[in-house]
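Asks: can you look at this prediction? I've put the sequence above it.
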Amino acid sequence: CGYDVPITPTLSSLATEPGAVSTCRAYAPGSWTLPSHASFFTGLGVLEHGAHEYAGSVDNPAGTAVVAHGLDKTHETLAEPMRSRGYQTVLLAGNPVVGKGMGLARGYQFAKSARRFGDLGHQELTRELRSVIRQKLDPLGGPIFLTVNLAEAHRPWIAVPREHALIRRRPSLQFDNQSADADWVQYLGGTMEPREKRRFISHISDVYDYGVERADDGVRAVLRVVREEGWCRDKCRIVITSDHGEFIGEQGLIDHGFYSWEPNAQVFLLALGTEVTAFPEPISALVAYSLVLDGKLPDPLPPVQHAAWPHMRRSIHTNGRAYASVSAAQWVGWTKHLWMDGVVKSFDLKADPWEIAAIPHDVPVDFSAFVERVRAASHVGKAGDADVLEALKAAGYVE
């Protein structure tokens, strides 16, 4: 996607294979793991499936209540129709949110997800995959529908080794978002000195690059196991995307989630072995559902939209300087409409990819309607799911 450090050789190679289509202008349906995966697994937008976490309320900034909802049982997951079509279904996830506790594993005959980030790197996942293929699957039991979540690019980020050829040596990094003297709190709270800011952002950039490179190597390793074990000899359909991006200083932010700015919303999308010959740009990564299920794009295409809600408990740790916004975005060509806290701005992303200077532009009627739905969803009326909240706490998403 134009980055000057070649850390994704596997994705770059896959994108050039015959029949492959890819785009760097796809947009995640949600701002973090749970809502995006629920969309990937159901084909529904975040406002439709409701699997999300709402921490506090914009009407009560001091509120600390966290309301979390997993994927409701009324929504069929992608694995269920695949299973009804005769596929053997397997889910392996390095992300603890992608699993049974969130309702995402329904329909999978075999499902395993990490208990904590870092527990299941791609080496462990590929060993588990080989074991599942050899011991759990029936060679005559129909084709395999395999879902793999690689979480190497997610914090905590491991150390970059001294001998790395492209990225400087770095210690591991995990954010402390509560201690007053923690880098995360000082950076977002506006108390970090400029020199320390540069050091901190440089550290994040390097360990994140290393995580992306390791995730790319995970794609290579997973495909190698599938092919070596004989499940991809004749015909395979491969769909690769991401559930969100990462802030590394853009808009004065770090971390991910809770915003609809480009670094958090824009993702990569690749498909191989489908009927699609080119992706329109921009496109919602929500189409991953249809690409897997039918090997083609849905008709009509879903609008390219994104919504994010605040995390008031995190906002309190930053003295209200971050994570207190409600935002909604819609992309039409190179024009992006962004509504945040009651203010609409439009950007020409081709001329202004950093979203610095708003341009005059009429707001589409469908975007105004979407904003009203996002605004309404900021007021959570029903109680959350206690087991989902506990799972999010265990994963480190909730203090």
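Replies: Done, it's in.
Asks: how many neighbours does the closest residue to T42 other than its chain neighbours have?
Replies: Nearest residue to T42, sequence neighbours excluded (CB to CB, 6 or more residues apart in numbering): H75, at 4.9 Å. In short, each C-beta sits where N, CA and C put it, glycine included. By the criterion of other CB atoms under 10 Å, H75 has 18 neighbours.
Asks: quick one: low-confidence parts of the protein?
Replies: 54-65, 379-383, 399 (pLDDT under 70).
Asks: contacts only, for V219.
Replies: 10-11, 14, 150, 240 (CB atoms under 8 Å, 6 or more residues apart in numbering).
Asks: for the residues you listed, which one is nearest R199?
Replies: L150 (28.5 Å; CB to CB).
Asks: the residue lying farthest from the centre of the chain: what's it in contact with?
Replies: What lies farthest from the middle of the chain is L140; by CA atoms, centre = their mean that is 34.4 Å. Residues in contact with L140 (CB under 8 Å, 6+ apart): none are found.
Asks: how close does it get to Q305?
Replies: Distance from L140 to Q305, counting by CB to CB, to the nearest Å: 44 Å.
Asks: would you map the strands across the stretch 101-250 of the chain?
Replies: Here the stretch 101-250 of the chain has its strands, by DSSP state E, counting those that start in this stretch, at 110-113, 144-149, 238-241, 247-248.
Asks: please identify the most buried of those strands.
Replies: Mean neighbours per residue, mean count of other CB atoms under 10 Å, is largest over these for strand 144-149, with a mean of 23.
Asks: contacts for that one?
Replies: The contact list for strand 144-149 (CB under 8 Å, 6+ apart) reads 37, 78-79, 82-83, 87-95, 98, 108, 113, 125, 129, 133, 137, 218, 222, 226, 231, 292.
Asks: which ones are touching the residue nearest to T42?
Replies: Listed by CB under 8 Å, 6+ apart, the contact set of H75 reads 38, 42, 44, 49, 103.
Asks: who's in contact with the fourth one?
Replies: Yep, that's H49 we're talking about. Listed by CB under 8 Å, 6+ apart, the contact partners of H49 are 35, 38-39, 42, 71-72, 75.
Asks: just the buried residues from those residues, in PyMOL please.
Replies: Here is the PyMOL command that selects the buried residues among the contacts of H49 (16 or more other CB atoms under 10 Å):
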select buried, resi 35+38+39+42+71+75
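Asks: with the contacts of H49 in mind, which one is nearest to R313?
Replies: Nearest member of the contacts of H49 to R313, counting by CB to CB, is P35, at 18.1 Å.
Asks: got the phi/psi numbers for that closest one?
Replies: phi -60, psi -40 (degrees, to the nearest 10).
Asks: now do the helices in the stretch 151-300 of the chain.
Replies: Here the stretch 151-300 of the chain has its helices, by DSSP state H, counting those that start in this stretch, at 183-189, 194-228, 262-265, 288-294.
Asks: which elements pack onto the third one?
Replies: Contact here means 3 or more CB pairs under 8 Å, 6 or more residues apart in numbering; DSSP states H and E; on that basis helix 262-265 packs against strand 247-248.
Asks: quick one: strands adjacent to the strand it packs on?
Replies: Its sheet considered, strand 247-248 pairs with strand 254-255 (antiparallel) by DSSP bridges.
Asks: mind listing what's buried in stretch 84-91?
Replies: Under the neighbour-count criterion of 16+ other CB under 10 Å, stretch 84-91 has 87-91 buried.
Asks: my bad, should have said stretch 165-185
Replies: Residues 167, 170, 173, 175, 177, 183-185 are the ones in stretch 165-185 that count as buried (16+ other CB under 10 Å).
Asks: and if you look at stretch 93-108?
Replies: For stretch 93-108, by 16+ other CB under 10 Å, it's 93-108.
Asks: and the buried residues of stretch 165-185, which is closest to R195?
Replies: Proximity of these to R195 (CB to CB) peaks at D183, which lies at 12.9 Å.
Asks: does that closest one touch T191 like I think?
Replies: No - with contacts counted by CB atoms under 8 Å, D183 stays clear of T191, the gap being 10.5 Å.
Asks: spit out the residues that contact these two alike.
Replies: Counting by CB under 8 Å, 6+ apart, D183 and T191 have no common neighbour.
Asks: ok, now how distant is the most centrally placed residue in the chain from G190?
Replies: Centroid-nearest residue in the chain: D243, 1.6 Å away (criterion: CA atoms, centre = their mean). Look at D243 and G190: by CB to CB, they are 29 Å apart.
Asks: L270 too?
Replies: Separation of L270 from G190 (CB to CB) stands at 39 Å.
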